[in-house]
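Chemist: heads up, no residue letters with this:
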């Protein structure tokens, strides 16, 4: 049951007109040459435009380079002095003042008065973020290790307490 398909007999073919004469060929060559020349000119113009754009971007940088060169060349030369002999100076550490408790005795009629200088605790400087993170992570690791030990011990004791069949 093979079916054969046939094409309709009326098919239209496009006819291309070509110049096979020498004059036609010469006209085509001239036309193509003209198109090539115009394309080359356009390409040259675009290259010039891009080159000008690049030069415009470089222009401020070149000016800055010139200014820097002028600055370096016109910079007053500082004469280096000979280093003098260095003197070693020892700075003593400040002596900490000790707090004293002073008792004053008042006449016998009155009670004794105590004058006490109390050392005030200065607030501790806040720890750095790295230090606090380190402490919290070590605490977490310690708690995790304790939990693991407890689990292991419970599993071992559970097996020991369970009755066995012989």
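Modeler: All right, it came through fine. Keep in mind that what you see is a predicted model, and the values were worked out from it rather than measured.
Chemist: could you pick out the longest helix of the chain?
Modeler: The longest helix of the chain (DSSP state H) is helix 22-74.
Chemist: helices or strands up against that one?
Modeler: When contacts are defined as 3 or more Cβ pairs under 8 Å, 6 or more residues apart in numbering; DSSP states H and E, helix 22-74 packs onto no helix or strand at all. Placement of C-beta: from N, CA and C, glycine included.
Chemist: okay, now the unreliable bits of this structure?
Modeler: Within the chain, the ranges that satisfy pLDDT under 70 run 1-20, 76-84, 98-118, 166.
Chemist: for residue 121, what are phi and psi?
Modeler: Backbone torsions of residue 121, given as degrees, to the nearest 10, read phi -80, psi 130.
Chemist: how many other residues sit next to residue 123?
Modeler: 6 (other Cβ atoms under 10 Å).
Chemist: could you do residue 131 as well?
Modeler: Counted with other Cβ under 10 Å, residue 131 comes out at 10.
Chemist: ok, now residue 50?
Modeler: Residue 50: 10 neighbours (other Cβ under 10 Å).
Chemist: renumber starting at 162 from here on
Modeler: New numbering, starting at 162: the last item is residue 211.
Chemist: how close does it sit to residue 217?
Modeler: 11 Å (Cβ to Cβ, to the nearest Å).
Chemist: over to residue 198?
Modeler: Using Cβ to Cβ, one obtains 29 Å as the distance from residue 198 to residue 217.
Chemist: try residue 249
Modeler: Taking Cβ to Cβ, one finds residue 249 at 61 Å from residue 217.
Chemist: quick one: which of the two has more around it?
Modeler: Higher neighbour count among residue 249 and residue 217: residue 217, with 9 against 4, using other Cβ under 10 Å.
Chemist: give me the neighbour count for residue 209.
Modeler: 10.
Chemist: and what of residue 322?
Modeler: Residue 322 has 7 nearby residues by other Cβ under 10 Å.
Chemist: repeat for residue 236
Modeler: Neighbours of residue 236 (other Cβ under 10 Å): 8.
Chemist: and for residue 318?
Modeler: Residue 318 has 10 nearby residues by other Cβ under 10 Å.
Chemist: so which strand or helix has it?
Modeler: Element membership for residue 318, per DSSP states H and E: helix 290-322.
Chemist: would you mark the buried spots in that helix?
Modeler: For helix 290-322, a neighbour-count test (16 or more other Cβ atoms under 10 Å) marks nothing as buried.
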